[in-house]
Structure formats: C-alpha cells, structure tokens
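*Asks:* sequence plus the predicted model coming up.
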Amino acid sequence: MTGAPDDLDLHAAHDPATPPQQLADIAARRYDLHPLIAVHPQTYPQLRAWMTQVNPIGAEPPYLTMPVGAPAAAAPRRPRGVGYWIGGCGCLAVLVVIILVVAVGGLLGSREPNAASPEHHVPSTPAAEDQAVAEQMAIYADEKAKYDALAAQLEGNPVAPLVTQKDFMDRIAREAAVPDISEIAARSVARRTAEFRQELEAQVTAAQARRGNSSGTLTEQLVDQAGDGFIDVRWDAASACGDSREGKVNTGCVRRGTPLVVHVQAENQAGSDWERKMVTAHELAHVFQHADARRFEDGKGEADRLIAQGLFQGSDEKMADCYALTYYDQPSLSHQGVTLGYGYVCNAVERQAIRTWAADINAPMPG
C-alpha cells in the first residue's frame, strides 16, 4: 500500500538525491507516484511530459491540502487559496506529499503500464536518449543499405516504382535526415525501413521463382519477360474482372489494388496466339500506367498527361489498346473474326507517343 514504511519507491520519490533514471523506472511501474515525481528536482522535462501524456490527472503537481489525520472539528477555519497556505506555513511539504500519495493512490490505484505498448514507453534521460537515437539510426543505416542492394536488382525494370515503393522510402530518408531527430522518430524510421526491406526481399524471392514459366504458357512467358518475374499472372479473368457485357467477354484486367497482377482468361479460351499476345500486351500497358503514376508525388504519370491532352480519345483503355497495336505493329484489333479491346485504332501520332512513353518508363517496345 502506498505510504507503507517499507515502500522504497515512495522513499526514493521523496529523496531529492534520487537520480533521474531511477525516477523514470519508478514512473514506469508506479502511476500513483507520478505527482511526487512531477515535482522532484531531478525529474527531466521528457519524463514529466510523458507522465502528463499517459496519466494526465496523476501527473499534475499536487494541490496543497490539510494534513492526514487532523480532526475535522479541531481544524481552524482558514481563508481559501493557495497563497494563504504558501505564506502561512513553511513546513507543509512533507504533509502535502503524504496527503497527495494517499489521495491519488486511492483514485488511480497502482497502475502497471503495458511495456509492449508504444505510448507507455518511458523516455530516457537525455544522455540515454542520445545513445538510443544513435542505436536506432545505426539500425536504419544497415536496413537502408540492404534495401538499396535489393532495389538495385530492379534498375531499368518498368515496374520498379511499384515494387520498391521508392516514394515511401524517400519520405523516410527525409525524416531520418532531420537534425536532432528524437528517439521516437529514430525508432520509427528504423522500424519502417526494416519492414520495407523485408517486403522487398520477399518480392525478389518470388520474382526469382516466377522467371521459370512454371505453367509453360505463352501468357506467362510474356508477363515474366515484361517485368523480369516481378509481375504475376492469373488465369481468372472470368471471376476477377467482373461480369461480361452483352456480346463481349472479359478477357483480362489489372485491378487498382493489385497493380502487379495480370488477370487473363485461360489459355484454352483464347482462339489464337494473336489473341493471347494482344490481350496480354493490353493488360501489361495498364501495369505500366500504374508504375508510371507512382514515379510522381501527385500520382499523375506521363500517361495521365498524354490522356489529358486528348490523345487516345482521353481513355486509358484505348491507350492500352494503342500500346498493344504499336508493340506488335498491328493495323487493327480484329483478326480471324475476333475483335479485341474498345474498337479504337490509334493513329501514327499516338503510336509515336506510345513509343516515347515506353522509352521513358523502360517499358518493353520492339525497336
């Protein structure tokens, strides 16, 4: 119970010589002693701010009250106000402390902070915090070096912006470069960099496994070549791409939430290799459009700007058709009685725009 003769934490909170780190340790396990620690001469600002955050009532400086145990009837009537108490007695400190511990202890109890919860992380002393920051920044530097080595494997790959998430890593790098970074911020950049490194490592491993064209199909061969294994292909267009329109069949799609997955119809549902090639190229164009957009902070890539200029009749779908037509140098989207896409055949100006765009984002395009 708070105030017991053998309460070493309480005695330490009273002792003006108790060092700062010991006060922090006590604060972490004894919320009922926060009021005493808040006014202790060795309490450093970060600890005081932390107590106010996790225990806003208990960490307030104690209000002056009457001594415990004084008979109510015998207590003289006194004017109210802190000024009276400060001026009226110079020996209230010990009594006030005891009153406060009993009152606050009864209100809050002996709360144990959850050590696993970030908001209950007790700030270190300034010297210890400097050391903690240095340790976290060293972790960040190590994870960043590993991430950079993995990202280098995607140099020149058209889907690199989708795989490496470079825009997010650039933001972390800017945070890490802030002068006098706090321990909390240092831990954050180290943790997030480690997470991105782990994700990229998993994607590199998956890409290495895909390059073997395990299905032995033409569509997987085309998709693997286009992204060096970093683009996945699934033959589930019927279920993944929505209902087919009257007279038309959904032959493929790329969903916005999973831009590195190409959904196409089963190989045996396509009438010819021409159809398989054209559909695959159309869907790959959508993958490249997503990757293009990720290169810019506003999420608007060069493809969006071409469409905004009125090319491809202002449609990203017709731009994808034009990519397929340009890639395979086809005059139209019709072959052996089958018409693909959206019925638009792009002109020479648009085809040149496609070639320039593909070169800019490293998308495959025959010379």
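*Replies:* Looks like it arrived, so ask away.

*Asks:* drop to CA atoms for contacts and neighbour counts, all remaining ones
*Replies:* OK.

*Asks:* can you give me the pLDDT of Q309?
*Replies:* As predicted, Q309 sits at a pLDDT of 96.

*Asks:* tell me the contacts of it?
*Replies:* Shown in contact with Q309 (C-alpha atoms under 8 Å, 6 or more residues apart in numbering): no residues.

*Asks:* just T164 next, same as before
*Replies:* Taking C-alpha under 8 Å, 6+ apart, we find T164 in contact with A151, L200.

*Asks:* tell me how far it lies from A190.
*Replies:* According to C-alpha to C-alpha, to the nearest Å, T164 stands 17 Å off from A190.

*Asks:* do the same with I231
*Replies:* Distance check for I231 against A190: by C-alpha to C-alpha, it reads 28 Å.

*Asks:* okay, buried residues for the longest helix along the chain please.
*Replies:* Longest helix in the chain by number of residues (criterion: DSSP state H): helix 183-210. By neighbour count on 16 or more other C-alpha atoms under 10 Å, the buried set for helix 183-210 is 183, 185-194, 196-197, 200-201, 203-204, 207, 210.

*Asks:* and what of stretch 129-136?
*Replies:* A132, V133, E135, Q136.

*Asks:* tabulate the CA atom coordinates of that stretch in CSV.
*Replies:* Taking Å, rounded to 0.1, in the frame of the first residue of the first chain, the C-alpha atoms of stretch 129-136 are listed here in CSV:
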residue,chain,number,x,y,z
GLU,A,129,18.2,9.1,-25.3
ASP,A,130,21.2,10.2,-27.4
GLN,A,131,22.6,6.7,-27.2
ALA,A,132,19.2,5.2,-28.1
VAL,A,133,18.9,7.5,-31.1
ALA,A,134,22.4,6.5,-32.3
GLU,A,135,21.5,2.8,-32.0
GLN,A,136,18.2,3.3,-33.9
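
*Asks:* ok, and what's touching it?
*Replies:* P123, I181, S182, E183, A186, R187, A190.

*Asks:* and with 6 Å instead?
*Replies:* E183, A186, R187, A190 (C-alpha atoms under 6 Å, 6 or more residues apart in numbering).

*Asks:* repeat for stretch 277-286
*Replies:* Stretch 277-286 is contacted from outside by C253, A320, D321, A324, using C-alpha under 6 Å, 6+ apart.

*Asks:* show me those residues that map onto strands.
*Replies:* C253 (DSSP state E).

*Asks:* quick check on the contacts of stretch 277-286: which are buried?
*Replies:* Buried residues within those, counting neighbours by 16+ other C-alpha under 10 Å: C253, A320, D321, A324.

*Asks:* need these in a markdown table with distance to K277, can you?
*Replies:* As requested, these are arranged in a markdown table below (distance: C-alpha to C-alpha, whole Å):
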| residue | distance to K277 |
| --- | --- |
| C253 | 14 |
| A320 | 13 |
| D321 | 12 |
| A324 | 8 |
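
*Asks:* in helices, which of these appear?
*Replies:* Counted as lying in helices by DSSP H, out of those, are A320, D321, A324.
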